[in-house]
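**Q** Okay, predicted coordinates and the sequence, questions at the end:
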Amino acid sequence: MALTVEQLYEVMAQLPDPLFVLSEDGYYIEYLGGIEQQSYQDGNPLVGKRLQDMLPADKAAWIMAQIALTLDSNQVQVVEYELAAAEVKDIDSEAGPQGMQRFEGKIAPLPSRYEGKRAVSWMTRNITRQHDLQRRLQVLSETDQLTGLHNRRYFFEHFPGLVAGHVTAGLIMLDIDHFKQINDRYGHQQGDGVLQAFCACVAAQLRRGDLFVRSGGEEFLLLLPQLQGEGLRQLAERIRGAVAAMVLDDKAPELHITVSMGTTEIQPGEEAGAVLARADEWLYRAKRAGRNQAAHCPAP
């Protein structure tokens, strides 16, 4: 049994996600569906109006570009974008979801012309919840839960972008001296507190834009854009002195820690693995020399 035109229109009008028909010159020709009120505002008031008059200029221009790309390529385009109801004129922004929402749009060229104009269908889906969940999972996968620092995975994934554009950069590899003895003597709960205090102490010595990473156990990394030579050495010494001076527990005055460090300058275009291998070598030189010190790799 074939659907009548009226029945087909009724089906389209009941779609949970909204579908817009947009002309090549930016008019809202039709609005269908979007009955899931928890995810969408009613877009019917937009029909017959120009999106350039209803949306912020930058977002209207972006949508027009997507329409043109779809029509010129005669291919379906899939895009993601953000839009808040408060940015759209003439709709009831108090109804439906509030704040900035993220959408996936599927844009398809339509074979028919509307009053002589080419047009596209723009099916949109609110993916805010999925996007937020993905972002939270991404943060969890790149964050050390105990200290709140980024982890080794984050370091390797973001290293190229973090050093790009910086002619100079330095790296310090840090290792808390004899940390296993603290866990053995005072317990892991106290050891966790020591790690957190250590991180706070080191972070207080850093600049905005420096990257502090827990690479594993009691080992940490500092990626320091635009820092090398004497500046790198001075920072390492400030960190060493600050860590050695920490009061960790008033009830256990004998509890204190020191840190050993290996420093190196990052050469333009150098891969993360090579930098870490060199810093690791100089860290172990500091340990072999008696710990509680920094060993500095000379500049090439």
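**A** Received, thanks. Residues are numbered from 1 along each chain as shown.

**Q** which secondary element of this protein has the worst mean pLDDT?
**A** Every helix and strand in the chain was compared by mean pLDDT, DSSP states H and E; the lowest is helix 5-13, with a mean of 80.

**Q** the helices in the stretch 51-200 of the chain, which residues?
**A** 51-54, 57-73, 128-141, 152-163, 179-186, 188-203 (DSSP state H, counting those that start in this stretch).

**Q** helices or strands up against the fourth one?
**A** Other elements packing on helix 152-163 under the criterion 3 or more C-beta pairs under 8 Å, 6 or more residues apart in numbering; DSSP states H and E are strand 211-216, strand 219-225, helix 272-288. All C-beta atoms are positioned from the backbone trio N, CA, C, and that covers glycine.

**Q** For that helix, buried residues please.
**A** Across helix 152-163, burial judged by 16 or more other C-beta atoms under 10 Å covers 152, 154, 155, 158, 159, 162, 163.

**Q** again, but for the second one
**A** Of all the residues in helix 57-73, those buried under the rule 16+ other C-beta under 10 Å are 59, 60, 63, 64, 66, 67, 70, 71.

**Q** same question, stretch 10-23
**A** For stretch 10-23, by 16+ other C-beta under 10 Å, it's 17, 18, 19, 20, 21, 22, 23.

**Q** which residues touch residue 237?
**A** Taking C-beta atoms under 8 Å, 6 or more residues apart in numbering as the contact definition, residue 237 lies against residue 294.

**Q** whoops, residue 211 was the one
**A** If you count contacts by C-beta under 8 Å, 6+ apart, then residue 211 has 150, 155, 158, 162, 221, 222, 223, 224 around it.

**Q** Could you do residue 128 as well?
**A** Contacts of residue 128 (C-beta under 8 Å, 6+ apart): 97, 101, 102, 103.

**Q** Please repeat the previous calculation with a cut-off of 6 Å.
**A** Residue 128 makes contact with 101, 102, according to C-beta atoms under 6 Å, 6 or more residues apart in numbering.

**Q** mind checking how far it is from residue 35?
**A** Noted for residue 128: a distance of 18 Å to residue 35, by C-beta to C-beta, to the nearest Å.

**Q** Point out where the stretch 201-300 of the chain drops to low pLDDT.
**A** 300 (pLDDT under 70).

**Q** Same check on the stretch 1-150 of the chain?
**A** Short version for the stretch 1-150 of the chain, where the test is pLDDT under 70: 1.

**Q** ok, now with 90
**A** 1-16, 33-38, 90, 92-96, 114-115, 131-142 (pLDDT under 90).
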